[in-house]
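1. Next input, structure requested:
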Amino acid sequence: MWVNRILTTSPQYETQKPGFLCHWFRIGYLVVTMCISVALSSCSQPEEPPELVIDESVASDFQALAMETWDEFLMVFQARTSCFGDVRLRATRALGSRAAYDPDSATVTVRVPGTPAMLQSALVHEWAHHVEFQCDEHKTLRPAFLDALDLPPDTQWRPEVLPVNTSTDMPSEQYAEATIALVLGRRQIPNGVRITEDAIRAIEEWAAGD
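-> Down below sits the predicted model:
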C-alpha cells in the first residue's frame, strides 16, 4: 500500500528500472527472515538448569554423591527449575546440626563425615529449603501441603518464635522431610517429623508443574 502510493505520486520512482524495486524487496525479505530466525533460535534454546557449585571443602567422594543426588533432585523438580538458581555446597566438621541452609548466600553446609544415607538426606532436606526460599512460586504449594497434613490453612509456615521441641511440627520442616521421601523414595533417617503420603503427593504434583 505504501509502495503503490509512492509509485503513483512520485515521478522519480516512475522512471526507475524494475530491478530497483526487486533489490529493495530482496533486502526487506532478508531482514524479516533474519528476525524470524533469531526469534525461533532464542525460543528453541532451553534454559540452563540450576547448578550445584562445589566448595573446595567437599571431598571427592562426597562430591560424587552430591552430584548424583542433585541430578535426582532436579529430575523431580524439573518443571520448577526456572524459579530457583544455583546452590553452593560446603562441608565442615564443626556444625551443631547435620546440615544448614543460608538463604542469603544460597549455601548448604553439611557436617562430615557421615554415611551416604545421612549425607543424601541432609542434602535433599536443605535443597528443599533452597527451593522454598528462592522460588516465589513455592507459595502456591503451601495451601495444598497444609491440607494434606490436616492443618488449618492459616498455619504459619515458618514461625519466627517456637516453643522448645516443636520444630518437628513446623510445616517448613515437614515439607523438607517429605521432599526427602519423594526424591530418594523413602526417609532413610527417621527423626520424628510427621509427614503423610498425601503431603508427599502434594509436593510431587507441584514439582511437576501442576
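2. drop to CA atoms for contacts and neighbour counts, all remaining ones
-> Will do.
3. Isn't residue 183 up against residue 73?
-> Yes - counting by Cα atoms under 8 Å, residue 183 does reach residue 73; the two are 6.0 Å apart.
4. could I get stretch 195-206 in CSV with only the CA atoms?
-> What follows is stretch 195-206, C-alpha atoms only, in CSV (Å, rounded to 0.1, in the frame of the first residue of the first chain):
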residue,chain,number,x,y,z
ILE,A,195,4.7,-36.5,57.1
THR,A,196,1.9,-38.2,55.2
GLU,A,197,1.6,-39.8,51.8
ASP,A,198,-0.8,-37.0,50.8
ALA,A,199,1.9,-34.5,51.7
ILE,A,200,4.4,-36.2,49.5
ARG,A,201,1.9,-36.3,46.7
ALA,A,202,1.2,-32.6,47.0
ILE,A,203,4.9,-31.8,46.6
GLU,A,204,5.2,-34.2,43.7
GLU,A,205,2.2,-32.6,41.8
TRP,A,206,3.6,-29.1,42.4
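5. Could you give me the buried positions within that stretch?
-> 195, 198-204, 206 (16 or more other Cα atoms under 10 Å).
6. same thing with stretch 151-159?
-> For stretch 151-159, by 16+ other Cα under 10 Å, it's residue 157.
7. what does that stretch rub up against?
-> 142-143, 146-147, 170-172 (Cα atoms under 8 Å, 6 or more residues apart in numbering).
8. secondary structure element for residue 145?
-> Taking DSSP states H and E as the definition, one finds residue 145 inside helix 142-148.
9. Show me what that helix packs onto, helices and strands only.
-> With contacts taken as 3 or more Cα pairs under 8 Å, 6 or more residues apart in numbering; DSSP states H and E, helix 142-148 sits against helix 197-207.
10. Show me what the helix it packs on is in contact with.
-> 76-80, 141, 144-146, 148-149, 175, 178-179, 181-182.
11. ok, of those, which come out buried?
-> 76-77, 80, 141, 144-146, 148-149, 175, 178-179, 181-182.
12. among these, which two are most distant?
-> 80 and 149 (22.6 Å; Cα to Cα).
13. returning to that earlier point: can you redo the buried residues of stretch 195-206 as CSV with distance to residue 153 and pLDDT?
-> Output for the buried residues of stretch 195-206, formatted as CSV (distance: Cα to Cα, whole Å; pLDDT from 0 to 100):
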residue, distance to residue 153, pLDDT
195, 17, 93
198, 16, 97
199, 14, 97
200, 17, 97
201, 18, 98
202, 15, 98
203, 16, 98
204, 20, 97
206, 17, 97
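14. State the distance from the residue positioned nearest the centre of the chain to residue 66.
-> For the chain, residue 81 is the residue whose C-alpha lies nearest the centre (Cα atoms, centre = their mean; 2.6 Å). Separation of residue 81 from residue 66 (Cα to Cα, to the nearest Å): 18 Å.
15. how is this protein carved up into domains?
-> 14-44, 52-158+165-207 (automatic domain parsing).
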